[in-house]
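Student: show me how the following folds:
(2 chains)
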Amino acid sequence: AQSVSQHNHHVILSEAASLELGCNYSYGGTVNLFWYVQYPGQHLQLLLKYFSGDPLVKGIKGFEAEFIKSKFSFNLRKPSVQWSDTAEYFCAVTPSGGYQKVTFGTGTKLQVIP
Amino acid sequence: DAGVIQSPRHEVTEMGQEVTLRCKPISGHDYLFWYRQTMMRGLELLIYFNNNVPIDDSGMPEDRFSAKMPNASFSTLKIQPSEPRDSAVYFCASSLALTSGGGNEQFFGPGTRLTVL
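Tutor: Got it, this is the predicted structure:
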């Protein structure tokens, strides 16, 4: 079975700082990878996803993530955060090929200080 | 499409009472998922359905929890009897199958915040 690790549980940044949130997964085959965001009091929304092709994936609101297969990683980045990026971020993985069970990481709470 | 619809948005009940949470997935989606989110345990998958059939219910905490999907547009999650430790936000999500070309991105509903006193 697959698993996902998010090592940063709580990150505090000032506005305009750069962001990188770590995500590592464990699975022996090909995978689909996702980052979801949950703003305070809201439901999860998809930020970006990787299925195949270019390992550098660009998502909404200036976020991007890079899939490094050799490191089993899919880190989320943003060059300059805003106060409105304060949210919880979840990395998720599912095996490719029709199996639908998605495994979510434990989440990283990002607090951006104005 | 209105997205995934859940009701009620908030539920406060007393220990021992039966609670029923409802979900309407996005039309045409093949998969439906029920999750529970708490501060202590994060986001947990409880059960998921494919074409109305339960596929994996290994995340259901115990026999007090049950879920049904009588048709493609409706699912329920029932807790009977409810206990204070069931207090959480319960999310429903739906997705297309991979073969449809839509990928398996999950679309989440707004959640039901359950408080059991």
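Student: low-confidence ranges in chain A?
Tutor: Across chain A, the ranges flagged by pLDDT under 70 are A:97-100.
Student: for it, which residues are neighbours of chain B?
Tutor: A:32, A:34, A:36, A:42-46, A:49, A:51, A:90, A:94, A:96-98, A:100-104, A:106-107 (Cβ under 8 Å from any Cβ of the partner chain). Placement of C-beta: from N, CA and C, glycine included.
Student: surely B:His29 touches B:Ala93?
Tutor: No - the criterion here is Cβ atoms under 8 Å, and B:His29 misses it with B:Ala93 at 9.2 Å.
Student: among the residues of chain A next to chain B, which ones are buried?
Tutor: A:32, A:34, A:36, A:43-44, A:46, A:49, A:51, A:90, A:94, A:100-104, A:107 (16 or more other Cβ atoms under 10 Å in any protein chain shown).
Student: just want the most central residue of the chain.
Tutor: No chain specified, so I'll use chain A. Nearest to the geometric centre of chain A sits A:Trp35, at 3.4 Å (Cα atoms, centre = their mean).
Student: you looked at the wrong chain, it should be chain B
Tutor: Centre-nearest of chain B using Cα atoms, centre = their mean is B:Trp34, 2.8 Å out.
Student: all strands for chain B, in order.
Tutor: B:5-7, B:10-13, B:19-24, B:31-38, B:42-50, B:53-56, B:65-71, B:74-79, B:88-95, B:107-108, B:112-116 (DSSP state E).
Student: what lines up beside the last one in the sheet?
Tutor: The partner list of strand B:112-116 in its sheet, established with DSSP bridges, is strand B:10-13 (parallel), strand B:88-95 (antiparallel).
Student: repeat that for the fifth one.
Tutor: Its sheet considered, strand B:42-50 pairs with strand B:31-38 (antiparallel), strand B:53-56 (antiparallel) by DSSP bridges.
Student: same question for the shortest one, mean pLDDT?
Tutor: Mean pLDDT, taken over the full extent of strand B:53-56, equals 92.
Student: buried sites along it?
Tutor: B:Pro54.
Student: how far away is B:Thr76 from B:Cys23?
Tutor: 7 Å (Cβ to Cβ, to the nearest Å).
Student: ditto for A:Gln2
Tutor: 25 Å.
Student: repeat for B:Thr13
Tutor: Distance from B:Thr13 to B:Cys23, by Cβ to Cβ: 18 Å.
Student: equivalent analysis for A:Lys71, please.
Tutor: Relative to B:Cys23, and taking Cβ to Cβ, A:Lys71 is found at 37 Å.
Student: who has more neighbours out of these two?
Tutor: Each of A:Lys71 and B:Cys23 has its neighbours counted (other Cβ atoms under 10 Å in any protein chain shown); B:Cys23 has more, 25 against 10.
Student: so what pairs up with that one in the strands?
Tutor: B:Gln6, B:Ser75.
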